[in-house]
Structures are given as structure tokens and as C-alpha cells.
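J.: Just a sequence and a predicted model for now, questions to come.
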Amino acid sequence: MRHISFALLLVLAACTAAPEQAAPAAAQHAASQITLTGGITRADHQSYREIPFEVPAGTGRIAVDFSYTGKDQRTVIDIGMRDPNGQRGWSGGNKSRFEITEFASTPSYANGPITPGTWHLVLGVPNIREGQTASYSATITLGPPDGMRKAVQLSGPAIVLDATPGWRRGDFHTHTGHSDGSCDVGDARVPCPAVFTFEAAKAAGLDFVALTEHNTITQLADIRELQTVFPETLLMPGTEITTFFGHANAVGNTGFLDFQLGSPRLPTLAKLFDQVDAAGGFVSVNHPSLPSGEACMGCGWTAKDTDWSRVSAIEIVNGSTLRTSGAEGAFNGIKFWESLLNQGHRITAIGGSDNHDAKDTTGAKQSPVGKPATVVFADELSTRGVVAGVKSGRVFVDVAGLPGAGLDMKASATNSSASMGGELVLAASENATVAASTSALPPGAKVEWVSYGLVVSVPSDPAASAAKLVHVEGGKNHGWIRVNIRDVDGKLLLIGNPIYIRTHP
């Protein structure tokens, strides 16, 4: 989730360029500056503006210093960059200064050759009030190459850490200094290095952790370089697609994704779904029930005409709302998710810490990495395996921090059966038996059954309370059944995904 503090980080990331060395004679030229200025009005509210500027041959470094007025009136202008070949990076509102070079760009911006031609400074305007105006100024310095000669590739071969099928515990939503994650290093507050998130995931006993930076993929360099340092924790790529109409995680992509929803670059979500499918990933709608407005611009899901058949998951518990109001508080996503299930959509419930400071493990200011955790049955511990596991629906969410807890469910009929996330097809008059299996729960924990469109018969024998007889309710052709696990006082511990039940056509 984007935390709207309106304080812009003014510190360049630790990944800065080495001291300048003499560039080859053909590439040398004196540094020059371009100043881009303009005004913003209410007509620019929730829109994008792309401002062109020319980059001559021989340029090796582009430095941007951006400022704007109107912050006292809650005006917000986000920034990013496009080169002649496409997206180069997006830092939103978390960096007012950044550099782009071939080998050592500020996190949020991709390394690579400085292609001569027309570049664009991209402005996004999440908010400007009616009747207000604001002005912006961007000083762009074009300089020679920085002299560094080490390239870091952003993507690499698929990695399989464990080829054994099993339950994998992880966190699908974290941020580092590659977007708006920050932490204390010494006496300074700086963009937080990704290694701290990886260390926190290892300490929490996670099998996987996804870095889902806002509208950028520059974290892939750290994933590639540090995966061997964390051989038991899968480091997964992802992007939090941050729009004016909601946030969604794409998990598994290794390239930039279009995010300017409502603009000609992304008129609808269809193109984004196509890009994620081509990358072999999945899309999860984040914190859908949060309010949207000046307090948290674009945080709730308001995107019109969403094709829910292409949404694989919904983040029903977000670390921020878990910490402030609990898993079932006012802004949880459970009801949002169940409403879609009732309409016949099959979408996997997941959770995410939305952690922005992996060094803060107290939980006082934010939820630590791994809380909530999502537990996925995957055929292998790899990005491909975890993505497939989410799409299968054999997943549960641990909101209480119970690393050893287990939850599964099975429905059986005369000639067929289905596990959590699967489908069971019944004849018109046929019943099914559904059983939940659990492990390593606290004393007194209880199974709570939740269903829609089904007639559920609860056995009177307490010893058989884990089994239910169900059939599809008259007049309906589909339903679903799932379980929650609650402690002895009724507090929610685990949230299970459904088994889907329907009758023959």
C-alpha cells in the first residue's frame, strides 16, 4: 500500500555511481542542463503528462532534480521516466532526485545504455483540488558516462530451490528502496536495501518473499545477485501496479508493465492482464476495501469494468489494516472477496505484509515481513511453482503468525473428490462430505464453516464436527464452502480458500 506522508525522500540510494573516470574521446562532452517547467490545474487530476526532452549522442548520465508547489493544499505530483524504447523507471512521490546511468542508476530506474533521442519525463497527478493550481520545475543534467564497466542483468534463468511438492509459506507484498521502502542506517533514514527484506524473510521462516515495488522492476538486480546468499528462501520478482483507481500486484514478471490506467498507454486493464499472462505471473488486487481519496490516493479498488475472470487473487488481509484494526476490521478485504465468490468468480485469497521497513520488526509502526503469511501448496519451490499454486487455490492465509500451523480441506462425493481450490460436480440429488484437516493449532482452536449457495448439515456428534454434509441449495447451480480457524476466544487465526461445488448442467 502506498503510504501518503507527502514527505519526499531526498537521499539518493546506496547504489550510486563510482567516481568519474575519463570517458572515451568519442563519448566525451561537457555536462549540460535542461529545465522543464509548467503548470498543473484540476484538469490534470488523476491524469498523466509526458514531457519530451532531447538526449544527444555521447550522454552517459541523466540526473533529475524535481520540485513543485501546492503541497500545502494536498497537491501531489509523481514522477517517472521513459526512454526512446519504453519505460525506464518510476519513483512516484518517494524520490525527488534520481540518476540514470548505464551501470549504476538510482533504484526505481533501470540501468542500461543512454539511448540518444527523445526521452520523456512522466508526471502523474493523483490529486489536485478544485480551483487550485501548482507549478513544477525539473532540472535535467546530461553528463558523460560515469566510467563504470560492470553490468548487472535484471533477469536470469528460472531457479528451483526445492523440487519436492509441499506447503510453502511466504509474503507476497513487500517494498524496499527500489520504490518507497525506507529504514534507519546509522543516523540516517535512507531507501532501504533489499537485503534487509531478504534477511527478515529468512528470520521469519518464510520459504518465499516477493519484492513488489511500485511500477518498477529494478529490484530484479538484487534478486539475481542475492539469491545465492539466501539458498533456502525464494526471492520472487513482482510489481505493485499503482494506479489512480487501485493497486494490484503482478507477481512473477521480469519486465516493466504498463500502469498508466485510463491513459492511451493503458486504456483498460486488458493489456496489463495480457502482459502478466505472457510473463507467466498472476495478478492480485491489493487492499481492495481501503478508502480512496486524499488520505490514501488510489488505495481502494475502484477500477471500472474489471474482468474478474483474469484476476487470480485478492489480498484479503493487508499488514497495515491487520495491525490497525485486525483481520476482520473495517478495511479488510474478506467481504469484497466473498461477494465475488458469490457471483461465481473463482479467486484465491492471499495476504501480504505490505512491509516498507524490514528493519522494524516490532510491529509498532507497521506489520513485519511475513505477517500475514500466505501458505501455498506448490509442486516445487520456484516462482513458477508458487504462481501455479496460487492459481490452483490450494492456499490459506495465516493472520496470527503460526509458522507450523496447517490447514487443508477435502470434499468427497460418490465418484469424485476435490481439495481446497478445486471443483466438485454433483448430480442434482447428490450430497458431498467435506472434511477439514488441521495441524499445530493452539489449544482450544475451532473450525468455523463458511458457505454460500449450499445446504450444510452439521453433525450433532462433536467428535465429527470436522465433517459436513452439503448439497447445492434449490434454485442455484453453484456454491462454495471453506473454513476459518479461530482461537478459544473467537479470534481469527487462519483463513482457508473454498472448494467450489456445482450441479450438472
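T.: On my side now, so go ahead.
J.: So in this structure, where's the weakest helix or strand by average pLDDT?
T.: When the helices and strands of the chain are scored by mean pLDDT, DSSP states H and E, strand 467-472 comes last with a mean of 81.
J.: Name the residues of stretch 270-283 that are buried.
T.: In terms of neighbour count (16 or more other CB atoms under 10 Å), stretch 270-283 has its buried residues at L272, F273, Q275, V276, A279, G281, F282, V283. C-beta: built from backbone N, CA, C; applies to glycine.
J.: between these, which is closest to F172?
T.: F282 (9.6 Å; CB to CB).
J.: Please name the nearest non-neighbouring residue to the closest one.
T.: The shortest distance from F282 to any non-neighbouring residue, by CB to CB, 6 or more residues apart in numbering, is to S312 (3.8 Å).
J.: what's the answer for G117, then?
T.: In space, G117 is closest to P84, 4.0 Å off (CB to CB, 6+ apart).
J.: now that neighbour: how far from P113?
T.: P84 sits 11 Å away from P113, going by CB to CB, to the nearest Å.
J.: do the same with N94
T.: Separation of N94 from P113 (CB to CB): 26 Å.
J.: In terms of neighbours, single out the busier of these two.
T.: N94 (25 against 14; other CB atoms under 10 Å).
J.: now that one, nearest residue through space, not along the chain?
T.: According to CB to CB, 6+ apart, the nearest residue to N94 is D180 (3.8 Å).
J.: residues near the one you found, how many?
T.: Using other CB under 10 Å, D180 has 25 other residues around it.
J.: Please apply the same query to T35.
T.: Counted with other CB under 10 Å, the neighbours of T35 add up to 10.
J.: and it, what pLDDT?
T.: The per-residue pLDDT reported for T35 equals 97.
J.: Figure out the helix or strand that it lives in.
T.: strand 32-41 (DSSP states H and E).
J.: Take that strand, keep the C-alpha atoms, and write them as CSV.
T.: Taking C-alpha atoms only, strand 32-41 is exported to CSV below (Å, rounded to 0.1, in the frame of the first residue of the first chain):
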residue,chain,number,x,y,z
SER,A,32,24.6,20.4,-20.0
GLN,A,33,21.3,21.2,-18.3
ILE,A,34,17.7,21.3,-19.4
THR,A,35,14.9,22.9,-17.4
LEU,A,36,11.3,21.8,-17.8
THR,A,37,8.6,23.9,-16.2
GLY,A,38,4.9,24.0,-16.3
GLY,A,39,1.6,24.3,-14.5
ILE,A,40,-0.9,21.9,-13.1
THR,A,41,-4.6,22.5,-12.7
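J.: Can you give the strand pairings for it, parallel or anti for each?
T.: Partner strands and pairing direction for strand 32-41 (DSSP bridges) are strand 133-143 (antiparallel).
J.: got the buried residues for whatever helix or strand comes next after the strand it pairs with?
T.: Moving toward the C-terminus from strand 133-143, the next helix or strand (DSSP H and E) is strand 160-162. Going by neighbour count (16+ other CB under 10 Å), the buried part of strand 160-162 is L161.
J.: Likewise for stretch 305-325?
T.: 306, 311-323.
J.: Contact partners for the most centrally placed residue in the chain?
T.: Nearest to the geometric centre of the chain sits N249, at 3.3 Å (CA atoms, centre = their mean). Contacts were defined as CB atoms under 8 Å, 6 or more residues apart in numbering; by that measure N249 touches 172-173, 210, 212, 238-241, 283-284, 286, 315, 352.
J.: Ramachandran coordinates for T174?
T.: phi -140, psi 160 (degrees, to the nearest 10).
J.: What is the neighbour count of it?
T.: As a measure of burial, T174 has 29 neighbours, counting by other CB under 10 Å.
J.: One more: D184?
T.: That count, for D184 with other CB under 10 Å as the rule, works out to 12.
J.: contacting residues around it?
T.: Counting by CB under 8 Å, 6+ apart, D184 touches V190, K359.
J.: Buried residues in the helix or strand containing it, which are they?
T.: Here D184 sits within strand 182-185, counting by DSSP H and E. Neighbour counts over strand 182-185 (16+ other CB under 10 Å) mark S182, C183 as buried.
J.: Pairing partners for that strand, with directions?
T.: With DSSP bridges as the test, strand 182-185 is paired with strand 188-191 (antiparallel).
J.: can you pull the buried residues of whatever helix or strand comes next after the partner strand?
T.: Downstream of strand 188-191, the first helix or strand assigned by DSSP H and E is helix 194-203. The neighbour-count check on helix 194-203 (16+ other CB under 10 Å) flags A194, F196, T197, F198, E199, A200, A201, K202 as buried.
J.: what about N415, neighbour count?
T.: Here the number of neighbours of N415 (other CB under 10 Å) works out to 8.
J.: helix/strand/coil for it?
T.: Three-state assignment for N415 (DSSP: H, G, I helix; E, B strand; the rest coil): coil.
J.: pLDDT (mean, whole number) over the strand holding D184?
T.: Mean pLDDT, computed over strand 182-185, is 93.
J.: do the same with stretch 368-383
T.: pLDDT averaged over stretch 368-383 gives 97.
J.: For it, buried residues please.
T.: Using 16+ other CB under 10 Å as the test for burial, stretch 368-383 gives 368-378, 380-383.
J.: again with stretch 494-504
T.: L494, I495, G496, N497, P498, I499, Y500, I501, R502, T503.
J.: And the pLDDT at the third one?
T.: Right, the one you point to is G496. G496 carries a pLDDT value of 98.
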